[in-house]
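model the structure of this input:
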Amino acid sequence: MTRDLVGRTVVVTGGNAGLGYFTAEQLSQRGARVVIASRNEAKAKRAIESLLREVENIEQPSFVQLDLADLASVSRAADELAELPSIDVLVANAGITEGTAEAKTVDGFESMFGTNHLGHFALISRLMPALLATAGSRIVHLGSISHRFFALDLEEHGSPERFRSFQSYSRSKLAVMTFAFELDRRLREAGHGTRSIVAHPGFALDELTPLRTGVGPDERPGAVVQTLLRSFAQGKDAGAWPIVLAATDEYLRGGEYVGPAGWQQLHGRPRVTTAKAWSRDRTVAARLWQRSEELTGTSLTLS
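Got it, this is the predicted structure:
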C-alpha cells in the first residue's frame, strides 16, 4: 500500500472499535500518525495494540480521552489535541445508535443529538484554530443513509414526548450532515483551505468484519450466512472505505458526500454520491448552527 500520508496526523474520534478502528488501521497503513480520541482508555489501548500487530512500520498511535456526551471532557480533549504539531485530518466518527427518552448527556441533552452532533460541534469549534493553521486540513463527518427519512426537528431533542429511537438517531445524523455542509460553505466564503466532507459507511455489520483481537468482533457466522449478508451489506472494514476516501482523496474539494457505490448505497466501493436536498438547506443550517452554539456555549468563528 502507498505510504502517502507519512508526516500527517489524523485524529479519529471513536477509533477504538468498529468503523473508527478500521479507519485508523487503513490510515496507519498509509503512513499517518493516528490519535485515537475515545471515552474508554482500556479499549483504546487494546485498539492501539491491534494496530501495532496489524500494520507494518506504523507511526506510534496515541490516545486522548474524549467523552462526547460531556462538554467538559470535550473541552479538555480539545486543549490536549490542540497541542499537537498539526491536525491534518479530524475524523468525527464516534457516536451512538440507540437511546431512550430518558437517556441524557452529562449536560442534559437527548443522548443521540447531544453525542453525535453537539459533542462534535463543540470539539470542532474548539479545534478550529488548529485546523485552520494546518494547510489543506480536512474534517470528515460521519453521516448516514438514514438522514433521508426524517426532516430536521430542532424541537424534538428537548422533548421526551417526541422521542422515537430510530427517528431521533436519523435526525441526529441529519444534523451532523447539515452542519458539515454549511461548515464547508462558510470555510470557502472565509477563504480558508480547510475542507469539510461527509462520508457514510452504508450498511456495515460486525458479522462481515475481519476479526481483530481485543477489538472485536469475536467471531463471524458461517460461509452461507456471510454470503447472504454480502448481498446487501458489508463489513466495517469496507464501511471505513468512504471515510478514508473523504480523508485523503486529492480530487475532493469540500462539501462532498461519499458513500458506497452499490445498490441503495448499502455496500460497495466508495464514490461521491448525492445527499437528500434538505441536508443542504441554508436556512435550516443557520438555525442549527446558532442553536448549537447556544447549547454548547461555544462560538464557531472562522476569521
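
which secondary structure element is home to residue 36?
strand 33-38 (DSSP states H and E).

identify each buried residue in whichever helix or strand comes after that strand, please.
Once the chain leaves strand 33-38, the next helix or strand it forms, by DSSP H and E, is helix 41-54. Neighbour counts over helix 41-54 (16 or more other CB atoms under 10 Å) mark 43-44, 46-48, 50-51, 54 as buried. Every C-beta, even on glycine, is put in place using the N, C-alpha and C of the backbone.

quick check on residue 269: phi, psi?
Main-chain dihedrals, residue 269, degrees, to the nearest 10: phi -70, psi 150.

which residues touch it?
241, 260-262 (CB atoms under 8 Å, 6 or more residues apart in numbering).

switch the residues you listed over to a markdown table; also include secondary structure.
Output for these, formatted as a markdown table (DSSP: H, G, I helix; E, B strand; the rest coil):
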| residue | secondary structure |
| --- | --- |
| 241 | helix |
| 260 | strand |
| 261 | coil |
| 262 | coil |
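
neighbouring strands for the strand holding residue 36, and are they parallel or not?
strand 9-13 (parallel), strand 62-65 (parallel) (DSSP bridges).

start to end distance for stretch 48-61?
With CA to CA, to the nearest Å applied, stretch 48-61 spans 6 Å between its terminal residues.

contacting residues around it?
Taking CB under 8 Å, 6+ apart as the rule, stretch 48-61 contacts 3, 6, 21, 24-25, 28-29, 31-36, 47, 62-63, 212-215.

which stretches of this protein form helices?
18-29, 41-54, 71-81, 111-112, 120-132, 165-189, 223-229, 236-239, 241-248, 282-296 (DSSP state H).

okay, now residue 97: neighbour count?
Residue 97: 13 surrounding residues under other CB atoms under 10 Å.

so who does it touch?
112, 169.

before we move on, back to that, and the helices of the chain as CSV, adding mean pLDDT?
Formatted as CSV, these follow (pLDDT from 0 to 100):
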stretch, mean pLDDT
helix 18-29, 98
helix 41-54, 97
helix 71-81, 99
helix 111-112, 90
helix 120-132, 98
helix 165-189, 92
helix 223-229, 65
helix 236-239, 94
helix 241-248, 98
helix 282-296, 96
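
could you dump the ones you listed to CSV with distance to residue 141?
Below are these laid out as CSV (distance: least, CB to CB, whole Å):
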stretch, distance to residue 141
helix 18-29, 13
helix 41-54, 21
helix 71-81, 16
helix 111-112, 15
helix 120-132, 7
helix 165-189, 4
helix 223-229, 27
helix 236-239, 15
helix 241-248, 9
helix 282-296, 13
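
between the ones you listed, which one is nearest to residue 144?
helix 165-189 (3.9 Å; CB to CB).

verify the stated contact: residue 180 with residue 195.
No. In this structure, residue 180 is not within contact of residue 195 by CB atoms under 8 Å, at 10.3 Å.

could I get the contacts of residue 269 as a markdown table with distance to residue 280 and neighbour count?
Below are the contacts of residue 269 laid out as a markdown table (distance: CB to CB, whole Å; neighbours: other CB atoms under 10 Å):
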| residue | distance to residue 280 | neighbour count |
| --- | --- | --- |
| 241 | 24 | 24 |
| 260 | 20 | 26 |
| 261 | 21 | 14 |
| 262 | 24 | 18 |
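
mind putting these into CSV with distance to residue 184?
Below are the contacts of residue 269 laid out as CSV (distance: CB to CB, whole Å):
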residue, distance to residue 184
241, 21
260, 21
261, 22
262, 26
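
contact partners of stretch 123-140?
With CB under 8 Å, 6+ apart as the test, stretch 123-140 has contacts from 13, 66, 68, 74-75, 77-79, 81-82, 84, 86-93, 180, 183, 192-199, 243, 246-247, 293, 296, 298-302.

quick one, phi psi at residue 251?
According to degrees, to the nearest 10, residue 251 has phi -90, psi -10.

residue 286: how many residues sit nearby?
13.

returning to what we had before: filter the contacts of stretch 48-61 down to the buried ones, ChimeraX style.
Here is the ChimeraX command that selects the buried residues among the contacts of stretch 48-61 (16+ other CB under 10 Å):
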select :21,24,25,28,29,31,32,33,34,35,36,47,63,212,214,215
